[in-house]
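S.K.: Just need the structure, nothing else, for what follows:
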Amino acid sequence: MPPLWRECLSSTFRTALACTIVGCVTLYGPPSICTLVAFPAFSYVTAILIIINDATFGDALRGCWLALYATIQSIGPAMLSLWVVGPSRFSKVTTAVAVALAAFVVVLPSTTHLIAKRISLGQVVLVYVVAYANGVGTDPIMQPIRLAASTALGAVACVVALLLPYPRLACSQMNQSYKLLTKNILKRLKLLVKVICEEDKTTAVGLISHSKSLVTTRTKLLAIIMRYQEGMQWEKLPIKIFRSHSLSLIERLKEVDTNLRGMELALTCTNSFPINILDEELKQGLNNLEEHVSLNIKQAKQSLRSGSLTVPESNAKSITHFLHSLHTIPTTHQELPIFFFLFCAKLLRKKSLTEAPTCAQDLPVKKNGNSNSPKGKEKWANWVATLRNTNLMPAIKFSLSLGLAVFMGLVYSKENGFWAGLPVAVSYVSGREATFRAANVKAHGTVLGTVYGVLGGFVFERFLPIRFLSLLPWFIFTSFLQRSQMYGSAGGISAVIGAILILGRKKFGPPSEFAIARIIETFIGLTCSIFVDLIFVPKRASTCAKMKLSQCLATLGESIGSLSLLAGETDLEDNQRKLKMQLNELRKFVVEAEVEPNFWFLPFNSACYNKLLGSLSRLMDLLWFGEHALKFLQQEFERGGACGKEDVNMLHGELGHVMELICSSIKNLEEISRMKTMKSPRIFEKELDKKNNSCDLEAGKSNECNTCMVSGIGEDGIEQTIGSFLQRSKIVADNLYGDEGEKELQSQVVLSLSALGFCLCACVRGTIEIEEAIKELVQWENPSSEIN
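M.R.: Predicted coordinates for the structure are as follows:
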């Protein structure tokens, strides 16, 4: 059976079991229990919110706690409000205001889990709107208690469904994903070593393509592992797999994966096969290294089961002995990819799988202390910035959306008014979302599910058990639906809820009338949500992507400017982590911009932004490798003391020249990317000339734009710049380590300097790629102007 079918059927079975438990209790339970669980619709909603996305037993336990927290947060204040004010005094306006205020209190804390907020918001809508609809007949104490009991039923049903017939544990899912990830990494490593030893270019290109195809699987496996980490923490069972140290082992696998990406990049830049500098000794050494690393990973996986992390490293030092024959730095950049490949291969062995990961991108950002307290305008600016960074504005916006939806829903229908607010409440998202697309898929999903429910109710009108069983094929269909790009999770959840609210209940009137009322109320709620979004004049995702691109370029320039051969503290690690976070945000904005409607705006150039994402991601990886090479070189040059200090300073000057060349280009690109799209070609060209002139004045060069761009120096200039760095590196390596006893150390310095040279060369070419993509983007935004 295909993996997708297996996942969907497993998810369908658990969802159906949870809904069956809720249905049996609410439809066939004792009258006392049925009276207590007076909101079966919300029991279904709670169960679906917790279990719908491939939940595990740990997720269900967490869901129970979140449901309890949400109930305390919303039901307690609601009971007090109903008791003090009295349900008979509520009107449409006061009900909407009460819902808006309660929603604001729920949404404002940024640390509350998303599921807790959704459950709490749903409870807020029901408790106030139903109290207004029933008026004097509402018991201010018992009605909130009945809603709390209905919520508890849905949460408990999820726990039972994930225990029967056997528990679906997050740790077992992670264990399975870890095995697959290990196999994926080992297969990629074996392919890459096979490529470097290959003599036929056609075969080598095919193997590289095969290796790249495995990257997609690796990305999915990593996403699954991240997905189940939180649920695993809730499973406190006495099992020996995946204890606390397992997460660091997974992080170490991510480092191995980063090294493999570097090896793939090196092979991509290699044009000729067979590789002349690789003799039989080097090939045999690479094969031995591949076997050694594979053995370490396999033994680490076995030690994970036994609870021990002892990995034998008896022959670890001798495994890289074959690299000691590398005593000469290449003089041309064409040979650099092979040295970089060997450098990445050495990093695979450098640290055992038992050590904690040292990826700078995962380290916390250091905050620079500043004793000077802000005054005047600075204090006001900091206060405004803090206000923008908090959850205050999103809380105000959402509370207005929910309050307006409830008010308009009550205006249309007093009895069914809560159906306008409930879809808005249970589909709350903490971050940005594509407003129009989200409303579209929610409306489609609601209509699909409601129509299916009406048809099922019509066919099996007199057979309640069969009517309930007819939900099973719908669960299977919606399981595929929520994994599709067209509907996603929001559309799939709406479709499930739409059907089960009709087929899983009784005594709610004719299904067709209920369906029409609910569709209209849902449309009212989603329309109000869109209307409030438009009132707040939100930034389009394309605009956010452009702003985030400028931030990424600025951070990239700072990161490259932090490279140094001299020992001392730099901000390279902090900048790398900052760049990684900004790239992730940029990727989210690009995905959102691809699906948002254009209206009267310029279409989003997704192809260009995806090119930029690819180039920026490669440069981020290159910085990671460059940091590792520089750390070793800094230690060696520091240990050397005054001996060869002049040569090291001259080499640092060559490095600074390459950095200045790249950073000046990135700085110019950052300023160009910040420019707004001009309707008039003359105004845009005038602004562009102003940017170019300011850049030229700072650089002290002629009034040509190319003086600030890497592409302006041409291919010969690039070869000359990198060649000069390599020549100076050769002098340093020969002068510092000329003795026979230092050959091993010399080979390590040669490998690190060659890897640094490759990173610089690849950064230069990556900057040219970014220049071309920015030029294409600016031309796209200003088609009437000619961009040079």
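S.K.: And the residue nearest the centre of this structure?
M.R.: N584 (5.7 Å; C-alpha atoms, centre = their mean).
S.K.: Just name the shakiest helix or strand of this protein by mean pLDDT.
M.R.: helix 681-699 (a mean of 51; mean pLDDT, DSSP states H and E).
S.K.: which strands and helices sit next to the helix or strand following that one?
M.R.: Of the helices and strands lying after helix 681-699 in sequence (DSSP states H and E), the nearest is helix 714-736. Counting contacts by 3 or more C-beta pairs under 8 Å, 6 or more residues apart in numbering; DSSP states H and E, helix 714-736 packs against helix 645-673, helix 743-781. Where C-beta positions appear, they are placed from N, C-alpha and C, glycine not excepted.
S.K.: Return the most buried member of these.
M.R.: Mean neighbour count (mean count of other C-beta atoms under 10 Å) peaks for helix 743-781 among those, with a mean of 22.
S.K.: picking up where we left off before, and the one helix or strand the residue nearest to the centre of the chain maps to, what's buried?
M.R.: If you go by DSSP H and E, N584 is part of helix 572-595. The neighbour-count check on helix 572-595 (16 or more other C-beta atoms under 10 Å) flags 572-580, 582-583, 585-590, 592-595 as buried.
S.K.: now for it, which elements pack on it?
M.R.: helix 541-561, helix 606-640.
S.K.: List the contacts of K442.
M.R.: Shown in contact with K442 (C-beta atoms under 8 Å, 6 or more residues apart in numbering): P423, S427, A490, G491, S494, T522, L526.
S.K.: confidence score at it?
M.R.: Note for K442: predicted pLDDT of 87.
S.K.: how near is V429 to S489?
M.R.: 10 Å (C-beta to C-beta, to the nearest Å).
S.K.: cool, G509 as well?
M.R.: According to C-beta to C-beta, G509 and S489 sit 30 Å apart.
S.K.: more crowded one of the two?
M.R.: Counted by other C-beta atoms under 10 Å, G509 and S489 do not tie: S489 has more neighbours, with 14 against 10.
S.K.: for the stretch 451-600 of the chain, which spans come out with low pLDDT?
M.R.: 508, 537, 567-570 (pLDDT under 70).
S.K.: E719 versus the nearest residue to V749 once chain neighbours are set aside, what's the distance?
M.R.: Spatially, and ignoring its direct neighbours in sequence, V749 is nearest to A733 (5.3 Å; C-beta to C-beta, 6 or more residues apart in numbering). Computed as C-beta to C-beta, the A733 to E719 distance reads 20 Å.
S.K.: ok, the two, which is more surrounded?
M.R.: A733 (24 against 15).
S.K.: Serialize the contacts of K442 to TSV and add fields for neighbour count.
M.R.: Listed next are those as TSV, based on neighbours: other C-beta atoms under 10 Å:
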residue	neighbour count
P423	30
S427	25
A490	21
G491	25
S494	29
T522	26
L526	24
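S.K.: for those, which one is nearest A70?
M.R.: S427 (15.3 Å; C-beta to C-beta).
S.K.: Identify each of the helices in the stretch 401-550 of the chain and give its residue range.
M.R.: 418-426, 435-459, 464-469, 471-481, 488-503, 511-535, 541-561 (DSSP state H, counting those that start in this stretch).
S.K.: Tell me which of those sits most buried.
M.R.: helix 418-426 (a mean of 28).
S.K.: For that one, which helices and strands make contact with it?
M.R.: Partner elements for helix 418-426 (3+ C-beta pairs under 8 Å, 6+ apart): helix 40-51, helix 114-134, helix 392-412, helix 511-535.
S.K.: which other residues reach it?
M.R.: For helix 418-426, using C-beta under 8 Å, 6+ apart, the contacting residues are 45, 49, 99, 103, 118-119, 121-122, 124-126, 129-130, 133, 401-402, 405-406, 408-410, 412, 442, 446, 494, 497, 517-518, 521-522, 524-526, 528-529.
S.K.: Extract the C-alpha set from it and format it as PDB.
M.R.: Listed in PDB are the C-alpha atoms of helix 418-426, where the atom choice follows Å, rounded to 0.1, in the frame of the first residue of the first chain:
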ATOM      1  CA  PHE A 418     -23.700  31.400  16.500                       C
ATOM      2  CA  TRP A 419     -22.900  29.600  13.200                       C
ATOM      3  CA  ALA A 420     -21.600  32.900  11.800                       C
ATOM      4  CA  GLY A 421     -19.100  33.200  14.700                       C
ATOM      5  CA  LEU A 422     -18.200  29.600  15.300                       C
ATOM      6  CA  PRO A 423     -16.300  29.000  11.900                       C
ATOM      7  CA  VAL A 424     -14.400  32.200  12.500                       C
ATOM      8  CA  ALA A 425     -13.500  31.200  16.100                       C
ATOM      9  CA  VAL A 426     -12.400  27.600  15.500                       C
END
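S.K.: how far does whatever helix or strand I75 lives in sit from the chain's center?
M.R.: Assigned by DSSP H and E, I75 belongs to helix 57-85. Here helix 57-85 shows a centroid-to-chain-centroid distance of 30 Å under the convention C-alpha atoms, centre = their mean, to the nearest Å.
S.K.: just checking, next helix/strand downstream of that helix?
M.R.: helix 92-107.
S.K.: where's K539 relative to K187, distance?
M.R.: Computed as C-beta to C-beta, the K539 to K187 distance reads 43 Å.
S.K.: same thing with S615?
M.R.: From S615 to K187 the distance is 27 Å (C-beta to C-beta).
S.K.: Look at those two and report which has more neighbours.
M.R.: Using other C-beta under 10 Å as the criterion, S615 and K187 rank with S615 on top: 20 against 15.
S.K.: who's in contact with the more buried one?
M.R.: Contacts of S615 (C-beta under 8 Å, 6+ apart): G766, E769, I770, A773.
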